[in-house]
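Participant: predicted model and sequence below, questions to follow.
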Amino acid sequence: MKIKEIHIYGFGKWKDYSIKLENEQVTLITGQNEAGKSTLYQFILFILFGLPPKEREFYRPKSGGSVGGKLIVSTDEYRNVGIERLHEKENGKVVCRMQDGREEGEEWLKYQLGRMNRDVYDSIYSFNAEDLTNLNQLRGSEIGEVLLNIGLTGSEQIYQTEKWLDKRSQDLFKPKGSKPEVNQQLQVVEELYRKQAMAEKEERSYQELKSNLKKWTEQVKETSEEISDKRNEQYSLEQMIKALPLVLEFHQLKAEMQEVNVDGSFPEEGRERYQQIKESILPLESEKQVTNTKQEEWLSRQQAIKQQLVSEKDWKEAESLLEKQAGFERASHEIEQWKERKAELQEKIEYDRKQMHVPIQDDEWNDYSFPFYIEETWSSLKQEAKTIDQEEARLDEWDSELKVDKHSIYKRKESLAQKMMDEDKVRSYSEQLTLHGQTGASSRDQTPAQLLKVYRLMWILFTMILFTAGWTIALLSSLMLIGLIATLMSGITAFCAFWSHRSLQNVVPVKEHPSAPVHSLSEIQQKLSEHEKDKAERAHLEDQERNVSQEEIRLEERKRHLNQRKNRLEAGIQEQETLYPFLTSLSIDHWEKLYHWLTQAKQKWSEIEKLDQSIKQHEEWISGVLHDLKRFYERLNWESESKEALEMWSGLRNWALQHQQLQNELSSVNEQLSQTEQQLKEINARLYVYYEKRQDLFNQAGVPSEEAFYLRLKQTETLKEQNARRHSLIQQIHRLMSEKEQKQFAVWQHPPDESKLQVQWNATKEKMQDKEKEQRELQQQVADAKSKLRTLESSGQYSELVHHYEAERSKLKDLAIEWAKYQLAGHVVHKTKEKYKQTYLPQVLEQAGKYFARLTSGKYAAVHLLEDREALRIEDYEGKVYEVFELSRGTRDQLYVSLRLSLGKTMAETVRLPFLLDDAFVHFDQQRLPVMLEIIEEMSNDHQIILFTWRSDLASSFQKVKEHKL
């Protein structure tokens, strides 16, 4: 079974919602939390298995409306079936509608679902993340047994059932226990039995009296049964005496019917049926005689016409020639048209040849072929040539730019080399600056000025670094925009530095006449600052020089690649010129336009050749037809030498018309004969039917003639009256006597003797009176014994012990029965598990081992069963064996999923139903999840799989999947 469409009328948050599932085997339904995935999951199960009324009310939409919907499914036997459930309609009863309009119910759906209920379906074809959560809440010793039961049935329910049955049995009884209910009740019953035995010794007479009471009571019962039997026997004899006159009449009638010796096989309503047949035969026999006379007259007229007709051979040849006349005239006309078309095409080809300036002669057109891809080839060669020219121009421009940049860098480096101080002078200035700082030669008034210069130097350095870095990145990445942005940012930085410098000068003004030492110090600092800027610029120029070198290398590589493209282009052009030599006289720019001219001219030449062939064929056919026409004239001794073709055709047509008139008259006569014969056949057929009916009626009556038929009719009517009376007697006897009484007196074999019946009735009556007297005496003895027992039991102790003992013994019996039920249930579950383990479990564990090995990347090789402990053990690739509780939580989850999928695959070989998976692999890591999805996609080749998940990225992991986003 496969689900093709989902239509929700109202269910939870869904209302008037539909999903159409494509042919892909894996259907992915994605959505965030609270998107309605689980509700859609529950809706599918509701349609397939239904829900109790309270649960259906839970899923009623908040906005109101009906609860229900429809699934469109397909099965191997039925193409499309609509399965619909409505909460308000017949208490949620399912309706299955076939394509032919037929409707089925729950029984049909159960058959399609393999007779399984929702719990069985959930355990085999459906699971979710909650199942993994429940698994990890168990103790370590329980996990292996639970997973074994999952391999058996798909869920842990069988484990929980066995555990509950064992606990209930232990709570009721233990062989050596004292606290269980049965053990305690045994002690109570034993104590009461001991006390009762002691009291019984004191009241022996009570038991003897009780024994006699029981014996007398049984005798009363036996006597009552004997009296009842005698009363029934007496009643049967009375009924037999009443029915005796009817029985005697029945046997007398039976003897009379046997003497007649008629089998009673006369047909129903034989008299009326024979009269109807006789009345139908007489008119038909008269009509047949008239029709035979007409047939003889038409045969005479037919013979006279045939003597006037020519031979069949001459007529067929004339018809054949006349059929060719229209083709003869049409062929002559087409030849004239084709010759005109040929001349027109030859003129166009000659005109095209002059326009194209291509030296191709008429006999050379068949030497060349112009397939559809030639146009694309010529176009690509033209485009490649154009692209190469553009690329070559760009490379030349690039080369010129690099040469200019290289020359500019060289000039700037020479200028810096002449401007920069040598290292000795720089060292001398640095020592003077250091010495000035140690002696403290500058005054307080000089400190603000020095700070202004240092601040200015810092801004200059920052601006240079920003400018250098921006253009370096621009050159390396070939993005001039970055260099422009760096230049703009450098300008903004310089402006900010200038504005800040002026603000500081206003706040801390410098003296108008600083001392000489301060002036010397400023010059030193300025020279050192300029030297540092020159060094930075020189480093920047060296970086630019390296970038230019790298650009030159890339330029050479581009030129080499361009030369390779040129060589390939030349080879392609030479190949086309070899195939089509006429291209050598044309520029490649005109090849594409030339292709259209060539194909049109080629088509025209092909049309000319076809026209020549058609003209030749038609002229040969016309010549053959004229030859046949002249030969026909000569055979009939008609004049043909001095006649034109048109006159010969006219003479043949006139002769054919005359002959056709005779043939038409003959056809009319033949038609009349055919109608006459058909009338005779119909009359004979109708007569045959009535003759058959008459003979069939004679056969049913078992007579050969009409006289015998009427004699048999009289005998049959007499027999029918006797049978009616016999049936009436049988019914009266049945009303008076039962089947048992009829067999007892053998009323159907022979009539009973009335005197014997009366004697039996009198004897039965006497015996019944004796038994009634005996019964009254026994009843009196029973009443006396009961009175004495009531007197003894009124003493109290013994009766209380007896009552208490019986009550406690009954309670013990109930507990024992309950304990036996639990024992039997546990035994049945155990036997069922054993049978399943022998039949299916090896196959399930083998497949689960394969899945488990794939999910663990081969770390674990197989899954085995511990027969003595009824649990699973895991074997890794080195042969080491692990208990299930020794595995990690994630590995146990993978083992659980492997068992569930293996069970589903095994059971689904019998019943193929959709798999419903609700975020079942949410805890799988990125290594295990792709393997799990691959296994699911393999299973989807045989079974439809619907996966509900919040992860929309899973769609890319499947090769063939349809995703529905909620």
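Facilitator: Everything's here; your move.
Participant: in the stretch 701-850 of the chain, what residue spans correspond to strands?
Facilitator: Listed in chain order, the stretch 701-850 of the chain contains no strands at all (DSSP state E, counting those that start in this stretch).
Participant: all helices for it, in order.
Facilitator: Secondary structure of the stretch 701-850 of the chain (DSSP state H, counting those that start in this stretch): helices at 706-736, 739-745, 754-793, 797-839, 841-855.
Participant: next one: the helix or strand residue 564 falls within to chain centre, how far?
Facilitator: Assigned by DSSP states H and E, residue 564 belongs to helix 516-579. Averaged C-alpha coordinates place helix 516-579 at 66 Å from its chain's average position (C-alpha atoms, centre = their mean, to the nearest Å).
Participant: mind giving me the packing neighbours of that helix?
Facilitator: helix 372-419, helix 423-439, helix 447-477 (3 or more C-beta pairs under 8 Å, 6 or more residues apart in numbering; DSSP states H and E). C-beta here means a position set from N, CA and C on the backbone, and glycine is covered the same way.
Participant: give me the pLDDT for residue 871.
Facilitator: Residue 871 is assigned 70 on the pLDDT scale.
Participant: against residue 559, how distant is it?
Facilitator: Distance, residue 871 to residue 559, using C-beta to C-beta, to the nearest Å: 76 Å.
Participant: which one of the two is surrounded by more residues?
Facilitator: residue 871 (20 against 15; other C-beta atoms under 10 Å).
Participant: isn't that one up against residue 884?
Facilitator: Yes: using C-beta atoms under 8 Å, residue 871 is in contact with residue 884, at 7.1 Å.
Participant: got the contact list for residue 334?
Facilitator: Neighbouring residues of residue 334 by C-beta atoms under 8 Å, 6 or more residues apart in numbering: 614, 618.
Participant: what helix or strand is the closest residue in space to residue 779 that isn't next to it in sequence located in?
Facilitator: The shortest distance from residue 779 to any non-neighbouring residue, by C-beta to C-beta, 6 or more residues apart in numbering, is to residue 220 (5.9 Å). Following DSSP H and E, one finds residue 220 within helix 204-260.
Participant: for the very next helix or strand once past that helix, packing partners?
Facilitator: Under the assignment DSSP H and E, the closest C-terminal helix or strand after helix 204-260 is helix 270-306. Helices and strands touching helix 270-306, as assessed by 3+ C-beta pairs under 8 Å, 6+ apart, comprise helix 645-701, helix 706-736.
Participant: pull the distance from the longest one to the chain's centre.
Facilitator: It refers to helix 645-701. The chain centroid and the centroid of helix 645-701 are separated by 62 Å, computed with C-alpha atoms, centre = their mean.
Participant: what is it packed up against?
Facilitator: Judged by 3+ C-beta pairs under 8 Å, 6+ apart, helix 645-701 is in contact with helix 270-306, helix 312-356, helix 591-635, helix 706-736.
Participant: take those helices and write them to JSON lines, including distance to residue 753.
Facilitator: Formatted as JSON lines, the helices and strands packed on helix 645-701 follow (distance: least, C-beta to C-beta, whole Å):
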{"stretch": "helix 270-306", "distance to residue 753": "43"}
{"stretch": "helix 312-356", "distance to residue 753": "98"}
{"stretch": "helix 591-635", "distance to residue 753": "112"}
{"stretch": "helix 706-736", "distance to residue 753": "17"}
